[in-house]
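Enquirer: Below is the sequence, then the predicted model.
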Amino acid sequence: MPASPDETTPGTPATPTAIDPRAPRFGAGITAVLLVVTVFLGLSGFTTAAFVLLVIAAALFAWGAFAGIQRHPYGLVFKRVIRPRLAPPAELEDAAPPTFAQGIGLVVTGLGVILHVLGVPYALVIAAALAFIAAFLNSVFGYCIGCQIYLLLVRAGVIRRHRAAIG
Amino acid sequence: MNWTASLAIVLGLVSIAAALGLVWRARTGRVRAVHVGAEVSIIRPADVASEAAFGQRATLLQFSTEFCAPCRGTRVLLGELAADHNGVVHVDVDLTDRPDLARRFNVMQTPTTLLLDGSGAVRARIAGTPRRDELRSRLDELPWSPHARIA
């Protein structure tokens, strides 16, 4: 079966898929708003509502991390609604970096969900606040979380990867 | 917690994120001079598993990973600078599966670019997408051979 060029799975990116770099930044903007509302509700005592929003955020991160950023619902909204109104992008970008960033978002919000269920105080608000900062920096400043964190995780031994046997 | 206090904390959170972003933007891509002898002194192509030879005048040694969006733009930028300058070569090293090299050259983020002189000594280090004009003027300052000036 011929390999489709956008069959990119987390951890083993095959052929890089090119996407409009504005798509993940648009999505990160929506995510940042969702997370800041989560923080507000969590602080104001609407714990159940905040918990539901954090679960939704984690589920959306999981979608982006496992299906690839190019199949994320926000990306599809961007493609159908926003992009037709904009000029074509100056250049395209690989899908692997924003897909990796979705995985980081999943870990942070997922830990928040689990720790909250275990009864850890403020876990929900802190996880939402950390994920908000990352999403905000990505959306507003074009900050690339994979650039800053991937090598640190590899050097710390958190991520282990082995190149497919070439020689 | 009442709504006013929550709102104040949320506004504080947004301000912190904005301040972090401004600091990051002010720092990223600056060309920082490395004093000879302060770091791994001489780098040779074999040290970074490069098959390409280094430049006689200078080498723009870029470190990238697969999870780095601006590495692509940096590749284009450094390629153009190398093409514009005689004796300058651009070499891109993928660290995705090479934590040993990341440790050896103390690379914490990508893209990181080392500016090597003709002898392979590290003269400058740039974290983030390099600022074109700053790097160009640093390149123009480099003599053809680091030993030529002493003679």
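Expert: Yep, that arrived.
Enquirer: how about the helices in the chain?
Expert: Just going to use chain A. With DSSP state H as the criterion, chain A has helices at A:22-44, A:47-67, A:73-77, A:96-117, A:123-141, A:145-155.
Enquirer: Not quite, go with chain B.
Expert: Using DSSP H, the helices of chain B run over B:3-27, B:70-84, B:99-104, B:132-141.
Enquirer: contacting residues for the residue of chain A found nearest chain B?
Expert: Closest residue of chain A to chain B, C-beta to the nearest C-beta: A:Gly146 (3.3 Å). (C-beta placed from N, C-alpha, C; glycine too.) By C-beta atoms under 8 Å, 6 or more residues apart in numbering or on different chains, the contact set of A:Gly146 is A:96-97, A:100-101, A:104, B:65, B:67-69.
Enquirer: Output those residues in a markdown table, with distance to A:Val125 appended to each entry.
Expert: Converted to a markdown table, the contacts of A:Gly146 look like this (distance: C-beta to C-beta, whole Å):
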| residue | distance to A:Val125 |
| --- | --- |
| A:Ala96 | 31 |
| A:Pro97 | 28 |
| A:Phe100 | 25 |
| A:Ala101 | 22 |
| A:Ile104 | 19 |
| B:Thr65 | 32 |
| B:Phe67 | 28 |
| B:Cys68 | 31 |
| B:Ala69 | 29 |
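Enquirer: With distance to A:Val55, pLDDT and neighbour count as added columns, please give those in JSON lines.
Expert: Below are the contacts of A:Gly146 laid out as JSON lines (distance: C-beta to C-beta, whole Å; pLDDT from 0 to 100; neighbours: other C-beta atoms under 10 Å in any protein chain shown):
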{"residue": "A:Ala96", "distance to A:Val55": "26", "pLDDT": "93", "neighbour count": "25"}
{"residue": "A:Pro97", "distance to A:Val55": "26", "pLDDT": "94", "neighbour count": "28"}
{"residue": "A:Phe100", "distance to A:Val55": "22", "pLDDT": "95", "neighbour count": "28"}
{"residue": "A:Ala101", "distance to A:Val55": "19", "pLDDT": "96", "neighbour count": "28"}
{"residue": "A:Ile104", "distance to A:Val55": "18", "pLDDT": "96", "neighbour count": "21"}
{"residue": "B:Thr65", "distance to A:Val55": "31", "pLDDT": "95", "neighbour count": "25"}
{"residue": "B:Phe67", "distance to A:Val55": "26", "pLDDT": "94", "neighbour count": "28"}
{"residue": "B:Cys68", "distance to A:Val55": "30", "pLDDT": "94", "neighbour count": "27"}
{"residue": "B:Ala69", "distance to A:Val55": "28", "pLDDT": "93", "neighbour count": "27"}
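Enquirer: Nothing else from me, thank you.
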